[in-house]
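Enquirer: sequence first, predicted model second:
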Amino acid sequence: MNEYMPIGLSLAKRKSLVVGGGKVALRKVNNLLDFESDVTVIAPETVDKLDYYAERNRIKLEKRPYAAGDVKGFGLVISSADDQAVNKQVYEECSEAGIPVNVVDQPDLCDVIMPAVTKRGPLTVAVSTDGAAPFLSGYIRLIMDDIFPKERWTRIAKYARTFREMVKVDGPDTEEERMKCFGSFLNADWKTVLKENREDEQIHELLKDWLKSD
């Protein structure tokens with residue numbers, strides 16, 4: 001039985017804390033920034049890229065050891081400290097405060113795990129092994145990167161979001177007819193559509209045609 005339920009969590013509405021300043025912490029920071037989180041890093045030493053982010057105000061950086069109570073006020077905490085005692089302390093404080101926490105490579109000290117992600121505009125495809133074999137989920141993500149070519153699927157995802165709003169506002173009244181509209185979108189030969197219609201205005205004309213369910 002799987003322990004971790006996939007769930008979408010808005011990081012734009014909560015601050016994130018990363019404890020640790022090494023290469024693993026940098027990977028976690030990059031992931032958080034991709035999802036518009038307000039990120040703070042606490043570590044006595046940091047890799048150059050984290051310093052670069054701090055200098056450009058992309059993250060808040062506190063170059064010091066972790067101190068008791070530092071997790072207060074954060075909506076998500078990731079710990080990748082070199083000192084395992086610090087990682088355990090972070091986990092315990094988060095658990096007591098009800099803050100979602102991930103301690104890297106220590107499933108027993110996690111109530112949140114980070115899936116391998118392929119992101120294409122508003123489309124996010126994630127795969128997880130419940131923390132049991134992250135190398136496998138990373139490999140599957142590489143396969144997904146090939147399945148979802150970035151330029152094409154970023155555009156398709158953007159138009160899907162637009163089309164959903166069009167159907168809600170101007171589409172048919174019945175659920176059956178609305179599903180036919182979505183079927184027109186999903187069954188389109190998008191490789192050809194995008195090749196033959198370079199401009200957004202041309203695509204939007206097609207979307208208007210697909211609002212007609214018959």
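Expert: Perfect, thanks for sending it. Residues are numbered from 1 along each chain as shown.

Enquirer: tell me how the chain divides into domains.
Expert: As given by automatic domain parsing, the domain ranges for the chain are 1-113, 150-210.

Enquirer: in this structure, which residue is closest to the centre?
Expert: residue 35 (5.3 Å; Cα atoms, centre = their mean).

Enquirer: and that one, what is it in contact with?
Expert: Taking Cβ atoms under 8 Å, 6 or more residues apart in numbering, we find residue 35 in contact with 11-12. In this view, the C-beta of every residue, glycine as well, is placed from N, C-alpha and C.

Enquirer: how does it look with 7 Å?
Expert: residue 11 (Cβ atoms under 7 Å, 6 or more residues apart in numbering).

Enquirer: likewise for residue 158?
Expert: Taking Cβ under 7 Å, 6+ apart as the test, what residue 158 contacts is 121-122.

Enquirer: hmm, back to that, and the domains of the chain: which comes nearest residue 138?
Expert: Nearest to residue 138, of all the domains of the chain, is domain 1-113, at 11.1 Å by Cβ to Cβ.

Enquirer: ends of the closest one, how far apart?
Expert: 16 Å (Cα to Cα, to the nearest Å).

Enquirer: what do you get for stretch 4-21?
Expert: 27 Å.

Enquirer: about what we covered before: out of the domains of the chain, which is the most enclosed?
Expert: Across the domains of the chain, averaging neighbours per residue (mean count of other Cβ atoms under 10 Å) puts domain 1-113 on top, at a mean of 17.

Enquirer: from residue 147, how far off is the residue nearest to the centre of the chain?
Expert: 21 Å (Cβ to Cβ, to the nearest Å).

Enquirer: over to residue 125?
Expert: For residue 125, the distance to residue 147 - Cβ to Cβ - is 8 Å.

Enquirer: who has more neighbours, these two?
Expert: A direct count of neighbours by other Cβ atoms under 10 Å for residue 125 and residue 147 places residue 125 higher, at 17 against 10.

Enquirer: dump the longest helix anywhere in the chain to CSV, restricted to CA.
Expert: Counting residues, the longest helix found in the chain (DSSP state H) is helix 150-170. Only the C-alpha atoms of helix 150-170 are listed here, as CSV (Å, rounded to 0.1, in the frame of the first residue of the first chain):
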residue,chain,number,x,y,z
LYS,A,150,9.0,21.1,-24.0
GLU,A,151,8.1,23.6,-26.7
ARG,A,152,5.1,21.7,-28.0
TRP,A,153,3.6,20.6,-24.7
THR,A,154,4.1,24.0,-23.1
ARG,A,155,1.9,25.5,-25.8
ILE,A,156,-0.7,22.7,-25.7
ALA,A,157,-1.0,23.1,-21.9
LYS,A,158,-1.4,26.9,-22.3
TYR,A,159,-4.2,26.4,-24.9
ALA,A,160,-5.9,23.8,-22.8
ARG,A,161,-6.2,26.2,-20.0
THR,A,162,-7.6,28.9,-22.3
PHE,A,163,-10.0,26.4,-23.9
ARG,A,164,-11.4,25.3,-20.6
GLU,A,165,-12.3,28.9,-19.7
MET,A,166,-13.9,29.3,-23.2
VAL,A,167,-16.0,26.2,-22.7
LYS,A,168,-17.1,27.5,-19.2
VAL,A,169,-18.1,30.9,-20.5
ASP,A,170,-19.3,30.3,-24.1
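
Enquirer: all strands of this protein, in order?
Expert: 15-19, 38-42, 60-62, 76-79, 101-103, 116-120, 123-127 (DSSP state E).
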